[in-house]
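Visitor: give me coordinates for this.
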Amino acid sequence: MILRTILVLALCGSLTSPLFAGSERAEHLLGEAGGVVGAAGIGGIPGIAGTPGIAGTPAIFDFSDFYALMPGDNSAAVAPNTAIEFPQNGPTNGVITRLSASQFLLPFIGTYKVYFQVSVTSAGAPPVQLEVRLNGTPVATSVVGNTGTVQVYGVSLVTTTVAGSVLDIIVAPGNASAVIITPIAGGPTSVSAHVVILRIN
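Guide: Below is the predicted model of the structure:
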């Protein structure tokens, strides 16, 4: 045991000499001899922060709500291929605007989500069908309907190809008869009809 200790001390002394210190052999022998582990090095400089991501695109760009109150608005029967009136203004950001009581301006090329609901009574044989019309052409995929005295509700997407497109809600051209917008639906309070237009792209 004493001999081993002397050997280790002798090795350590020689390994720390200027000619032997820092060599690979010195490191190996010190490790075998149970040398003391050196202190940890200083940590590196932190890396540069990454570039911030691009902000997300909003889901709705523009919006407008147009409505009618019955009795008062839409008192007459509305014939097939004729627009329903929504003469009053609801919440809007002022971009989608009205041209008349029944026509609405879509100023930008894009995709619009259109909701409408109207309480109706058929003046003749059912069913009652309503649809969106864009630039004078009925949008076939937007037709909704029901029978009797009901609330007709529709939702569809329309994509414009020209700026300044005109949209309205009409009694479908193939409807069997005129439609009366229900003036009172089971109570004394005025009944509302709405068309809500959102630009989503």
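
Visitor: only C-alpha atoms for contact and neighbour calcs from this point on.
Guide: Noted.

Visitor: so, low pLDDT: which residues of the chain?
Guide: The model of the chain has pLDDT under 70 over residues 1-38, 53-58, 123-126, 185-186.

Visitor: which residue, neighbours along the chain excluded, lies closest to the spatially most central residue of it?
Guide: Note on the chain: the residue nearest the mean C-alpha position is Ala59, at 2.8 Å, using Cα atoms, centre = their mean. Nearest residue to Ala59 in three dimensions, chain neighbours excluded: Ile200, at 5.8 Å (Cα to Cα, 6 or more residues apart in numbering).

Visitor: mind listing what that neighbour touches?
Guide: By Cα atoms under 8 Å, 6 or more residues apart in numbering, the contact set of Ile200 is 59-62, 110-113.

Visitor: before we move on, what about Leu134?
Guide: Counting by Cα under 8 Å, 6+ apart, Leu134 makes contact with 165-168.

Visitor: got it, and Val191?
Guide: So, once contact is read as Cα under 8 Å, 6+ apart, Val191 ends up touching 69-71, 119, 182-185.

Visitor: 7 Å - rerun?
Guide: 69-70, 183-185 (Cα atoms under 7 Å, 6 or more residues apart in numbering).

Visitor: any chance of those in TSV, with secondary structure too?
Guide: Supplementary listing: the contacts of Val191 in TSV, determined by DSSP: H, G, I helix; E, B strand; the rest coil:
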residue	secondary structure
Leu69	strand
Met70	strand
Pro183	coil
Ile184	coil
Ala185	coil
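
Visitor: which members of these are the farthest-apart pair?
Guide: Based on Cα to Cα, the longest span within the contacts of Val191 runs between Leu69 and Ala185 and measures 11.6 Å.
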